[in-house]
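>>> Sharing a model that was predicted from the sequence below.
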Amino acid sequence: MTISKAAEIEIISALFLSAAEQMRRTLVRTAFNAVIYEVLDFGISIADAQGRMVAEAAGITSFIGGNDYALKMLMENTDMASLRPGDVVMLNYPYWNSAHMSDALLMAPVFIDGDTPEMFLCVRAHWLDLGAKDAGYVIDSTNIHQEGVIIPGVRVIKEGQVDKDIWRILMANSRLPEAIEGDFGAQVACLRTGEKSVREIYAKFGTERVRGAIEAFFQHSHEKSLEAIAKLPKGTWSAVEYLDDDGVTDTPIKMQVNVTIEDGKFIVDYNGSDPMVEGPVNSPYGATVSMAKTYFKYLTSSDTPSNHGNYLAMEVKADPGNLFHAIYPSATYMPWTHMVAFELIAKALAPVIDWLPASSGGDEPGFMALGKHHKTGKSYVTSNNEGIGWGATYRHDGANALQHPSTSTVRNTPIEVLERQANLFHEALELIPDSGGEGQYRGGVGVRRLVRMVGDIEVISMKKKSKTGGWGRDGGKPSPVHNRMVLWPGEAREKTVGMYRQKLTKGERFENFSAGGSGWGDPAKRDPEAIAYDLRNGYISRAPEGTTTDDSK
């Protein structure tokens, strides 16, 4: 039986997507730390010989296309001609890697015919410790050399054999050598799984047919993006948001985007933002590109898998030295900049695209816990991404307590895992009534978490949008709740913090709050049945002033 050319292209595309998914499943099944196997803090992709992304698997949403930039920089700055079968290259240099120092990217070439790589496999994942000045997250570094051991694209595996000298250096510079060894092994297994799958595709269809299919689905994706751009309004629009501070000073940091849509082109320009700052919130350019790619994909082709062709019509501008284009030796450890800035494109385009939602809670207001376990005495680092409310749209309420839109494909860490790994005990985890912004459609509600220490511990409150709120649409209101952590709640020494590091002792507590999403439309127009539903389910504590329902009489 013969198949049509179009059907063959679809089959080959599906097989590459399946290969990426097999890589993903291998990584999740074998990873050592919960940040990878529970939270899904990773990015996986398959690229052709030119470094163009062919397929990727779901990890962190804002990692879309992040490996593309890292691979491009590897191709420009390392001796790719010297690669051999079985090699694995490691990169964590943030200005090339489009992520912070703890996100270790491993790349493996795939050879099909001859001595030149036919494809490249990439997997990045968060390692718990790579020798930064502080355990856990570094929230106040002032240059890259305080943020860990720099790996600028070196072969850690040569023709299938781990370079023991390089590996001894990595192990000696980690506070958690067993953890990084386990996650390294999981990433290598991920790459080997991908290599096997890719070889099977080439064996089945042959090199020329596979190459032709790749070009075809790049072209199809590009045409789909162009069709979507043609339907968008044309012009230039701007938006501004503020990051709390840089972790060294208390000065708010301006983030600005100018979005220009013209025939066949979508331009995202961050040059109106503040220049680089002293603290670790400067964004590597690759991370900035990945952030913009993610929102562009949502606007133009949210219903199809991602590949190189999707982004040919997009241009991202951020001059070296800008907040969104960090250069050596600036500190870059805190990726909260691109998380808080993620919805800037939506804010800019909201006046002219009616289906874009109001803002979410605007932050990833999680926490990290580290120390020595009260039962085993072993050192640990664990973290949790906290859910926030999402913004309402012109058709429905915002979702409650979901991960930030820039990380919407990841998960929080289950209480069972947190309490097994760390000196934590949860006294409460609940939705916050009245935290969704009011509107004809309300914003989703946020989360309150009350935790007691069962042993001495160090906690990092992880938030960078605790001083400013969200933005509603068409008369909708922002959430009245800000992202924050309260240390020692109910005590005379109670303290409210954003990004902050604090040692706590057995019996002490912290309370974590996440903001709700913003509303859409005039609150006076909200359906009484919707108000009654919210009252029954505890999303609101009372009906808005001027409204009456059977539940609120």
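Nice, thanks for sending it over.

>>> which parts of the helix ranked longest in the chain are buried?
When the chain is parsed with DSSP state H, its longest helix is helix 177-205. Neighbour-count burial for helix 177-205, with 16 or more other Cβ atoms under 10 Å as criterion, is recorded at 179-180, 182-184, 186-195, 197-199, 201-202, 205. Heads up, the C-betas are built off the backbone N, CA and C, glycines and all.

>>> Which helix or strand lies directly C-terminal to that helix?
Later in the chain than helix 177-205, the nearest helix or strand by DSSP states H and E is helix 207-231.

>>> what's that next one packed up against?
helix 5-30, helix 177-205, helix 285-301 (3 or more Cβ pairs under 8 Å, 6 or more residues apart in numbering; DSSP states H and E).

>>> Please repeat the previous calculation with a cut-off of 6 Å.
Judged by 3 or more Cβ pairs under 6 Å, 6 or more residues apart in numbering; DSSP states H and E, helix 207-231 is in contact with helix 5-30, helix 285-301.

>>> Out of those helices, the one nearest Pro85 is which?
helix 5-30 (17.6 Å; Cβ to Cβ).

>>> moving C-terminal of the closest one, what's the next helix or strand?
helix 34-37.

>>> and that following helix, what's its mean pLDDT?
Across helix 34-37, pLDDT averages out at 92.

>>> can you check stretch 369-379 too?
95.

>>> residues of that stretch that come out buried?
Quick answer for stretch 369-379 (16+ other Cβ under 10 Å): 369-371, 373, 379.

>>> give me the number of residues near the residue nearest to Ile345 when sequence neighbours are not counted?
Once flanking residues are discounted, Ile345 sits nearest to Tyr295: 4.5 Å by Cβ to Cβ, 6 or more residues apart in numbering. For Tyr295, the count of nearby residues is 26 (other Cβ atoms under 10 Å).

>>> Wait, Tyr295 touches Leu344, no?
No: applying Cβ atoms under 6 Å, one finds Tyr295 not in contact with Leu344, separated by 8.5 Å.

>>> residue ranges of the strands in the stretch 351-500 of the chain, please?
Applying DSSP state E, counting those that start in this stretch to the stretch 351-500 of the chain gives strands spanning 367-372, 379-384, 424-431, 447-453, 457-461, 484-487, 495-497, 500-504.

>>> Next, format those as a markdown table and append distance to Asp165.
Shown next, in a markdown table, are the strands of the stretch 351-500 of the chain (distance: least, Cβ to Cβ, whole Å):
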| stretch | distance to Asp165 |
| --- | --- |
| strand 367-372 | 29 |
| strand 379-384 | 25 |
| strand 424-431 | 38 |
| strand 447-453 | 41 |
| strand 457-461 | 33 |
| strand 484-487 | 42 |
| strand 495-497 | 43 |
| strand 500-504 | 34 |
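
>>> Would you single out the least confident of those strands?
Minimum mean pLDDT among the strands of the stretch 351-500 of the chain: strand 379-384, a mean of 93.

>>> deepest of the helices and strands packed on helix 207-231, which one?
For those, average neighbour numbers computed from mean count of other Cβ atoms under 10 Å are highest in helix 285-301, which has a mean of 25.

>>> now the helices: where do they sit in the chain?
5-30, 34-37, 66-77, 94-97, 164-172, 177-205, 207-231, 285-301, 336-340, 344-349, 415-421, 528-537.

>>> Now do the buried residues in the last one.
If you call a residue buried by 16+ other Cβ under 10 Å, then helix 528-537 has these buried ones: 530-532, 534-535.

>>> For that helix, name the packing helices and strands.
Using 3+ Cβ pairs under 6 Å, 6+ apart as the contact test, no helix or strand touches helix 528-537.

>>> any idea how far Ser98 is from His222?
22 Å (Cβ to Cβ, to the nearest Å).

>>> between these two, who's got more neighbours?
With neighbours defined as other Cβ under 10 Å, His222 and Ser98 compare such that Ser98 has more, 32 against 19.

>>> sorry, back to before: just the buried residues of stretch 369-379 now: which is nearest Val39?
For the buried residues of stretch 369-379, the nearest to Val39 is Ala369 (13.8 Å; Cβ to Cβ).

>>> Give me the neighbour count for the residue lying closest to that closest one once chain neighbours are set aside.
Nearest residue to Ala369, sequence neighbours excluded (Cβ to Cβ, 6+ apart): Ala422, at 4.3 Å. Number of residues near Ala422 (other Cβ under 10 Å) recorded here: 26.

>>> for Ala422, what are its contacts?
If you count contacts by Cβ atoms under 6 Å, 6 or more residues apart in numbering, Ala422 has them with 369, 380, 382.

>>> residues contacting Pro329?
143-144.

>>> Ala318 versus that one, what's the distance?
The separation that Pro329 has from Ala318, given Cβ to Cβ, amounts to 18 Å.

>>> Please apply the same query to Met75.
21 Å.

>>> Repeat that for Met53.
21 Å.

>>> what about the two, which has more around it?
Neighbours were counted for Met53 and for Ala318 using other Cβ under 10 Å; Met53 has more, 26 against 21.

>>> wait, doesn't the more buried one sit right on Gly66?
No: the criterion here is Cβ under 6 Å, and Met53 misses it with Gly66 at 9.9 Å.

>>> As TSV, the helices and strands packed on helix 207-231 with distance to Ser174 and mean pLDDT would be great.
Listed next are the helices and strands packed on helix 207-231 as TSV, based on distance: least, Cβ to Cβ, whole Å; pLDDT from 0 to 100:
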stretch	distance to Ser174	mean pLDDT
helix 5-30	19	96
helix 285-301	23	95
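
>>> any chance of those in CSV, plus distance to Gly444?
Output for the helices and strands packed on helix 207-231, formatted as CSV (distance: least, Cβ to Cβ, whole Å):
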stretch, distance to Gly444
helix 5-30, 27
helix 285-301, 18
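
>>> Can you say which of those helices is nearest to Glu491?
Taking the helices and strands packed on helix 207-231 one by one with Cβ to Cβ, helix 285-301 is closest: 38.8 Å.

>>> looking at it, Ala104 is touching Trp127, isn't it?
Yes: between Ala104 and Trp127 a contact is recorded at 5.0 Å, counting by Cβ under 6 Å.

>>> Lys525 - how many residues pack around it?
10.

>>> Tell me how far the residue nearest to Trp488 when sequence neighbours are not counted lies from Ala55.
Of all residues not flanking Trp488 in the chain, Glu494 sits nearest, at 5.3 Å (Cβ to Cβ, 6+ apart). From Glu494 over to Ala55 the distance is 50 Å, taken as Cβ to Cβ.

>>> More neighbours: the two, which one.
Ala55 (26 against 11).

>>> ok, now which ones touch the more buried one?
16-17, 20, 46.

>>> Which single one of those is nearest to Arg526?
Lowest distance from Arg526 to the contacts of Ala55 (Cβ to Cβ) belongs to Leu17, with 41.7 Å.

>>> Specify the beta-bridge partners of the residue lying closest to that closest one once chain neighbours are set aside.
Nearest residue to Leu17 in three dimensions, chain neighbours excluded: Ala55, at 4.9 Å (Cβ to Cβ, 6+ apart). Beta-bridge partners for Ala55, by DSSP bridges, are Ile46.
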